[in-house]
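Peer 1: Pasting the sequence and the predicted coordinates here, then a few questions.
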Amino acid sequence: MKLNGKTTEERIIEKHQEALHHGFHTWPSLVFGRPPALGDARWTSDLILSTWMQAETGNPPDNDLEYRIGCSGGGFDALAFKYLPREQWIPEQEVVDTSILLNRRPYDRHISIPIPWYGGGMSYGSVGEQIMLARAKAARQWGTFTSTGEGGYPESLAPYAEHVITQVATGMFGVREETILRAPIIEFKYAQGAKPGLGGHLLGDKSTTAVAKMRESVPWVSLFSPFPFHSVYSVEDHKKHIDWMKTVHPDALMAVKVSTPVDVDMVAMGSYYAGAHIIEIDGGYGGTGAAPEIAKKNIAMPIELAIPKVHRYLLSEGIRDEVVLMASGGIRTADDIAKAIALGADGCILGTAELVALGCTRCSNCERGRGCPFGLTTTDPQLSQLVDSDWGAERLCRFYTSLQRQLRTILRHLGLRNVLELRGRMDVLSYSRGDGQNGSRATH
């Protein structure tokens with residue numbers, strides 16, 4: 001039955017969209033206080049609400065919300081910047097460059113992005129197509145990238161191909177020559193920090209008919225990506241992998257995603273010699289609610305330890321300026337991005353932070369087919385309609401705007417005119433063990 005030209009389903013979807021959008025606008029204002037039971041130690045209610053506000057306005061919040069750190073008492077929350085005296089700050093009218101190169105080798109295509117981050121792999125099935133499309137639209141508008149994840153390459157992303165990284169994982173889901181040829185960057189996922197040693201796992205009720213078709217599988221059957229590529233057991237095998245993709249697409253850059261074992265420095269070295277342009281080290285703080293807590297908390301090395309370990313080793317080997325080091329796995333804020341770069345990364349990769357900007361509350365129901373009440377981590381035909389890709393892209397673009405403004409402020413207060421000058425500057429950081437609220441706010 002139609003009313004005012006709309007079906008009952010369309011009117012229900014519209015009603016829920018309006019309610020959600022109103023909530024994303026109202027809750028960060030704190031007119032009703034902080035919602036009870038929202039967030040956790042790393043993604044506090046303040047960080048979630050402040051991310052919503054940034055996605056609404058393009059600016060950090062101007063109320064009482066803490067938008068720089070959580071209250072975990074460790075990780076990036078235990079680090080603060082040692083800012084210069086005010087008279088030594090870079091003036092507001094001076095330009096501060098936040099761009100980075102994604103290929104530092106003397107050969108192959110040279111790509112730069114205007115902000116030191118891009119979107120991480122969240123696959124079709126783990127998130128809906130409308131989320132992938134929103135991320136791709138935002139990436140094109142900003143001149144950066146987003147990654148398909150390991151679930152294949154939906155055709156709706158084709159118009160944005162110059163800003164979409166395609167991922168090749170052990171399950172080889174949806175890996176086809178035509179999609180490889182589209183991608184300016186090809187990403188091998190050897191491990192992820194949220195589930196190191198476990199591989200990928202998409203439960204059966206998320207493997208809908210559309211998802212199974214994309215992944216060339218059977219609907220409603222759980223899909224696993226085994227932990228290792230069973231053809232890669234050495235640096236030489238690793239190089240053959242990269243050579244294989246370079247043969248298919250000679251113009252593409254090669255990215256390698258690894259978790260953070262104790263020998264992550266040696267892993268990074270192996271990837272360099274195998275021919276990778278970008279090494280992505282993925283810490284254990286990231287991942288959606290589908291990742292097992294026992295894996296996230298007990299297997300991978302914390303990202304704030306892995307970054308300087310890799311950076312120093314590459315420096316000692318004289319090859320640091322020939323490879324791009326990107327950090328992921330729990331990057332939430334502009335402060336996190338700046339801290340990761342100060343520890344030795346060239347830039348960061350955002351995943352969960354983008355979902356929070358689109359309305360995620362960290363309810364940890366991501367593994368269920370209809371578990372996400374906000375239409376983010378679902379391919380359910382009705383729930384997926386709760387997010388319009390244009391609306392989502394606008395929110396992500398405003399979130400990026402806020403992050404860039406904050407990053408420039410941090411650089412100015414450190415006396416730096418270029419984000420490249422921040423790389424490896426561990427001397428601008430102070431460590432406050434066990435104190436989540438470490439004074440980061442007061443020093444801005």
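Peer 2: Sure thing, it's come through.
Peer 1: Would you mind measuring the gap between the ends of stretch 22-32?
Peer 2: This stretch, stretch 22-32, spans 13 Å end to end (Cα to Cα, to the nearest Å).
Peer 1: Kindly report the same for stretch 367-379.
Peer 2: Using Cα to Cα, the two ends of stretch 367-379 sit 11 Å apart.
Peer 1: can you check stretch 328-341 too?
Peer 2: 11 Å.
Peer 1: got it, and stretch 337-351?
Peer 2: Rule used - Cα to Cα; the end-to-end distance of stretch 337-351 is 13 Å.
Peer 1: Kindly report the same for stretch 121-138.
Peer 2: End to end - Cα to Cα - stretch 121-138 spans 15 Å.
Peer 1: So what's the model's average confidence on it?
Peer 2: Mean per-residue pLDDT for stretch 121-138: 95.
Peer 1: quick one: it to chain centroid distance?
Peer 2: 12 Å (Cα atoms, centre = their mean, to the nearest Å).
Peer 1: Next: stretch 22-34.
Peer 2: That offset, for stretch 22-34, works out to 25 Å (Cα atoms, centre = their mean).
Peer 1: where in the stretch 301-444 of the chain is pLDDT low?
Peer 2: Low-confidence segments of the stretch 301-444 of the chain, defined by pLDDT under 70, span residues 433-444.
Peer 1: again, 50 this time
Peer 2: 435-444 (pLDDT under 50).
Peer 1: Can you tell me the strand partners of the strand or helix carrying residue 187 and which way each runs?
Peer 2: Under the criterion of DSSP states H and E, residue 187 resides in strand 185-189. Sheet pairing for strand 185-189, assigned by DSSP bridges, gives strand 164-168 (parallel), strand 253-258 (parallel).
Peer 1: what residues does that strand touch?
Peer 2: Strand 185-189 is contacted by residues 102, 111, 121, 145, 147, 150, 165-170, 180, 241-242, 245, 249, 252-257, 278, 280 when judged by Cβ atoms under 8 Å, 6 or more residues apart in numbering. Every C-beta, even on glycine, is put in place using the N, C-alpha and C of the backbone.
Peer 1: do stretch 201-211 as well
Peer 2: Taking Cβ under 8 Å, 6+ apart as the rule, stretch 201-211 contacts 123-126, 129, 151, 195, 215, 217-225, 290, 367-370, 378-380.
Peer 1: Quick one: buried ones out of the residues you listed?
Peer 2: The neighbour-count test (16 or more other Cβ atoms under 10 Å) marks 123-126, 129, 151, 195, 215, 217, 223, 225, 290, 367-369, 378-380 as buried among those.
Peer 1: Among the residues you listed, which lie within strands?
Peer 2: 223, 225 (DSSP state E).
Peer 1: Can you give me every residue that contacts residue 110?
Peer 2: 101, 103.
Peer 1: just to revisit the earlier point, can you lay out the strands paired with strand 185-189 as a markdown table showing distance to residue 92, mean pLDDT and mean neighbour count?
Peer 2: Shown next, in a markdown table, are the strands paired with strand 185-189 (distance: least, Cβ to Cβ, whole Å; pLDDT from 0 to 100; neighbours: other Cβ atoms under 10 Å):
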| stretch | distance to residue 92 | mean pLDDT | mean neighbour count |
| --- | --- | --- | --- |
| strand 164-168 | 34 | 96 | 26 |
| strand 253-258 | 35 | 96 | 25 |
